[in-house]
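1. From the sequence below, what's the structure:
(chains A and B)
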Number of protein chains: 2
Amino acid sequence: MSEKSQPAEVKRFLEALQSSLAAGLEGLEAQARFLHDPWTRAAGEPSSGAGLTLILEGGGVFERVGVALSEVTGASLPPAATQRNPQLTGRAYRAMGVSLVAHPANPHAPTAHLNVRFFSTDDGSAWWFGGGYDLTPAYLYEEDVAHWRRSARQALSMLTPEGVASFERACDEYFTNRHRAERRGIGGVFFDDLGPSHSQGGPFSHCFSVARAVGESFLGAYLPLVSRRKDTPFTEAQKRWQQWRRGRYVEFNLVWDRGTLFGLQSGGRAESILLSMPSVARWTYGLPPDLGPEEHRLLDALRVPVAT
Amino acid sequence: MSEKSQPAEVKRFLEALQSSLAAGLEGLEAQARFLHDPWTRAAGEPSSGAGLTLILEGGGVFERVGVALSEVTGASLPPAATQRNPQLTGRAYRAMGVSLVAHPANPHAPTAHLNVRFFSTDDGSAWWFGGGYDLTPAYLYEEDVAHWRRSARQALSMLTPEGVASFERACDEYFTNRHRAERRGIGGVFFDDLGPSHSQGGPFSHCFSVARAVGESFLGAYLPLVSRRKDTPFTEAQKRWQQWRRGRYVEFNLVWDRGTLFGLQSGGRAESILLSMPSVARWTYGLPPDLGPEEHRLLDALRVPVAT
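-> Next up is the predicted model:
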């Protein structure tokens, strides 16, 4: 494949991925359907581009789920996008990606996030992939966590046998609310700057395969968990706990997520960036008053050593 | 007053201010009382210090209100605290302040925020005050806004006749969700770096008087609005709108507020910093579906020109 045709190839994959993700999630809903919201941004703003946002709110299974495809071109790569390759800062670029965040209604069904993205300089001489998926339950089911982790490992172990463990570590490190000494969720896989110079990278065909494997294994990793938990009976207190955990989700996304902060502060499309917000989030001073052993078990699983 | 005695003098004021603010707010509550949570942080962390957090949750009038007093000393003034005086970056410092955020239960009663803070270098050679208060209603009552603005002007117009207008402009500029092209609320007063070199500043006694006037005029500006609206009948849709507006409040505090972001990212005490969060916040894709003319009237009042 020529360097010039790489972005077109990735874009075809991302368009197909968005469709299949939305179809898979919609398959669990009896009635609610995704709203399709195409958008464009004119040149002259910090970046120009176009996208298709799919959003489903108030479903029986999903309280809120967004699947966003976007493609932007910009005159100057921002420092936030080139932390490991500072020599690329300021180069004209093209970026495209699919992001998904699914917040189920049932507190026993976990929230999930997926992202696959591709950056290239306008002459095609430099490029890299980023992406991954991570799971954020309000209640801990070991068999769900095991299925989630096994799915990710199976998808990636042939392509990058040594990469899996490092992608898992990167996921735990990245999705952490450092101000709470607490991980956002129970893990998954995460990578960035996957290109020729990455230790798990290599030629385009290899890196693209890794990104594809992440995107294509997501539904198999996630849908069974939602199917299994979506009809579990729950109490009002359990629903409040889910909403309280979603307050932590909001904190991570707005305080620590580089993409979100950079996007909002640099004039990105707020509604697309904030697809990741839950419908409802809740805060209390300290822990909620009525926690039982199951809520504490989740908190224990998320605790991380305090950085000194 | 000698330079060395200034921090002690400010601290006595802030302690009295915290007590009187809490007593004033509690006076509107039939039963709920502030929980008192004193805390200390050992030396060796990025900053050491102590504070007293007063928090009331689940009251009949206030869904959540925090009044926090804190005092920290640090070995090195961070850049975020010295934007206008970069020559002070890295100096050992002492900082103290009172912060208040009150989120009423009734959607017709507005949220209010107050802050008064004092920074000084450890040798007392440089010092400044910051602070202000701003109002965030979910429904627009012109007479409430007029009372709020009049209270602030009356408190400050004798001390700094030219300062009032600039403090009002600074408030509008600062409390803006730039990614939404929307102000957080309908305004108030805000100032920073108020010391000898500030155009509205001057000697310590003058600047301290301005800070005192802000703190001491708050209850008179705010309590009448809560008294007037706390028993207004409201619908479930109006309550949802208030929670949706509180999603915007969360966005401002976590994405744009310098103090919050700096505090969380540098290891500050998360529970104290996040006193400003509402009990419940809500998000939808685009505007909620069921807005009427009163909701649109508020949105119109908050709209700001899009920065180009």
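
2. Please state the offset of the longest helix belonging to chain A from the chain centre?
-> For chain A, the longest helix by residue count, based on DSSP state H, is helix A:204-229. The chain centre lies 12 Å from the centre of helix A:204-229; the measure is Cα atoms, centre = their mean, to the nearest Å.

3. after it, next one along is what?
-> Sequence-wise, the next helix or strand downstream of helix A:204-229 (DSSP states H and E) is helix A:236-251.

4. when you scan that next one, is anything in it near chain B?
-> Yes: against chain B, helix A:236-251 shows contacts by Cβ under 8 Å from any Cβ of the partner chain at A:Gln243, A:Gly247, A:Val250, A:Glu251. All C-beta spots, glycine's among them, are computed from the backbone N, C-alpha and C.

5. Give me the phi and psi for A:Trp57.
-> Let me fix one detail, which is that residue A:57 is Glu and not Trp. The phi and psi torsions at A:Glu57 (degrees, to the nearest 10) take the values phi -130, psi 150.

6. on that earlier part again, can you tell me which two in the residues of helix A:236-251 next to chain B are farthest apart?
-> A:Gln243 and A:Glu251 (13.4 Å; Cβ to Cβ).

7. who does the longest helix of chain A touch, helix- and strand-wise?
-> Here helix A:204-229 is seen to pack against helix A:6-26, strand A:93-104, strand A:111-121, strand A:127-136, helix A:142-157, strand A:187-194 when contacts are counted using 3 or more Cβ pairs under 8 Å, 6 or more residues apart in numbering or on different chains; DSSP states H and E.

8. Next, the buried residues of the fifth one.
-> Using 16 or more other Cβ atoms under 10 Å in any protein chain shown as the test for burial, helix A:142-157 gives A:Asp144, A:Val145, A:His147, A:Trp148, A:Arg149, A:Ser151, A:Ala152, A:Arg153, A:Ala155, A:Leu156.

9. and what of the longest one?
-> Within helix A:6-26, the residues scored as buried using 16+ other Cβ under 10 Å are A:Gln6, A:Pro7, A:Val10, A:Phe13, A:Leu14, A:Leu17, A:Gln18, A:Leu21, A:Ala22, A:Leu25, A:Glu26.

10. What pLDDT does the model give A:Arg12?
-> In this model, A:Arg12 is scored at 97, pLDDT.

11. mind checking how far it is from chain B?
-> 26 Å (Cβ to the nearest Cβ, to the nearest Å).

12. likewise A:Gln200?
-> Counting by Cβ to the nearest Cβ, the gap from A:Gln200 to chain B is 29 Å.

13. quick one: low-confidence parts of chain A?
-> A:1-2, A:43-46, A:80, A:83, A:305-308 (pLDDT under 70).

14. let's see it at 80
-> Filtered on pLDDT under 80, chain A yields the residue ranges A:1-4, A:42-47, A:76-86, A:89, A:262, A:265-267, A:305-308.

15. So which residues on it come close to chain B?
-> Checking chain A against chain B by Cβ under 8 Å from any Cβ, the hits are A:35, A:37, A:53, A:55, A:57, A:64, A:66, A:178-180, A:243, A:247, A:250-251, A:254-255, A:261, A:264-265, A:267-268, A:270-271, A:273-275, A:277-286, A:307.

16. In the stretch 1-150 of chain A, which residue sits nearest chain B?
-> A:Ile55 (4.5 Å; Cβ to the nearest Cβ).

17. quick one: contacts for that residue?
-> A:Phe34, A:Leu35, A:Asp37, A:Arg64, A:Val65, A:Gly66, A:Val67, A:Leu275, B:Tyr285 (Cβ atoms under 8 Å, 6 or more residues apart in numbering or on different chains).

18. Check A:Ala92 too.
-> A:Ala92 touches A:Thr73, A:Gly74, A:Ala75, A:Ser76, A:Leu77, A:Thr121, A:Asp122, counting by Cβ under 8 Å, 6+ apart.

19. Let me see the contact set for the first one.
-> In this structure, A:Thr73 makes contact with A:Ser47, A:Ser48, A:Gly49, A:Ala92, A:Tyr93, A:Arg94, A:Ala95, A:Asp122, judged by Cβ under 8 Å, 6+ apart.

20. still on that earlier bit, and the contacts of A:Ile55, which are buried?
-> So, by 16+ other Cβ under 10 Å, the buried ones in these are A:Phe34, A:Asp37, A:Arg64, A:Val65, A:Gly66, A:Val67, A:Leu275, B:Tyr285.

21. returning to that earlier point: restricted to buried residues, select the residues of helix A:236-251 next to chain B in ChimeraX.
-> Buried members of the residues of helix A:236-251 next to chain B, defined by 16+ other Cβ under 10 Å, are picked up in ChimeraX with:
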select /A:243,247,250,251
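
22. Export the residues of helix A:236-251 next to chain B to TSV and append columns for distance to A:Glu162.
-> Compiled in TSV, the residues of helix A:236-251 next to chain B are given as follows (distance: Cβ to Cβ, whole Å):
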residue	distance to A:Glu162
A:Gln243	40
A:Gly247	37
A:Val250	35
A:Glu251	33
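
23. picking that back up, what's the helix or strand for the residue of the stretch 1-150 of chain A closest to chain B?
-> A:Ile55 belongs to strand A:47-57, assigned by DSSP H and E.

24. now the helix or strand just after that strand, how far from the centre of its chain.
-> As assigned by DSSP H and E, the chain's next helix or strand after strand A:47-57 is strand A:62-74. Put simply, strand A:62-74 sits 10 Å off its chain's centre (Cα atoms, centre = their mean).

25. now strand A:62-74 and helix A:236-251, what's the angle there?
-> Using axes from the mean of the first three to the mean of the last three Cα atoms, to 10 degrees, the inter-axis angle of strand A:62-74 relative to helix A:236-251 is 10 degrees.

26. Looking at the contacts of A:Ile55, which is nearest A:Ser209?
-> Using Cβ to Cβ, these come closest to A:Ser209 at A:Val67, 22.0 Å.

27. thinking the closest one is in contact with A:Leu25, fair?
-> Yes: using Cβ atoms under 8 Å, A:Val67 is in contact with A:Leu25, at 7.4 Å.

28. From the contacts of A:Ala92, list the buried ones, please.
-> Buried among the contacts of A:Ala92 by 16+ other Cβ under 10 Å: A:Thr73, A:Gly74, A:Leu77.

29. Spatially nearest residue to the second one, not counting backbone neighbours?
-> Once flanking residues are discounted, A:Gly74 sits nearest to A:Ser47: 4.0 Å by Cβ to Cβ, 6 or more residues apart in numbering or on different chains.

30. And for A:Ala102?
-> Closest residue to A:Ala102 apart from its sequence neighbours, by Cβ to Cβ, 6+ apart: A:Val65 at 4.1 Å.

31. Who does that neighbour form a beta bridge with?
-> A:Val65 has these beta-bridge partners by DSSP bridges: A:Leu56, A:Ala102.

32. mind listing what it touches?
-> By Cβ under 8 Å, 6+ apart, A:Val65 lies in contact with A:Leu25, A:Ile55, A:Leu56, A:Gly59, A:Leu100, A:Val101, A:Ala102, A:His103.

33. same question, A:Gln242
-> A:Gln242 neighbours (Cβ under 8 Å, 6+ apart): A:Pro107, A:Ala138.

34. ok, back up a step: out of the residues of chain A next to chain B, list just those in strands.
-> A:Leu35, A:Asp37, A:Thr53, A:Ile55, A:Glu57, A:Arg64, A:Gly66, A:Val280, A:Ala281, A:Arg282 (DSSP state E).

35. burial measure for the closest residue to A:Phe119 other than its chain neighbours, as a count.
-> The shortest distance from A:Phe119 to any non-neighbouring residue, by Cβ to Cβ, 6+ apart, is to A:Ala95 (4.9 Å). By the criterion of other Cβ atoms under 10 Å in any protein chain shown, A:Ala95 has 19 neighbours.

36. quick one: A:Gln238 and A:Pro107 touch, right?
-> Yes: using Cβ under 8 Å, A:Gln238 is in contact with A:Pro107, at 4.6 Å.
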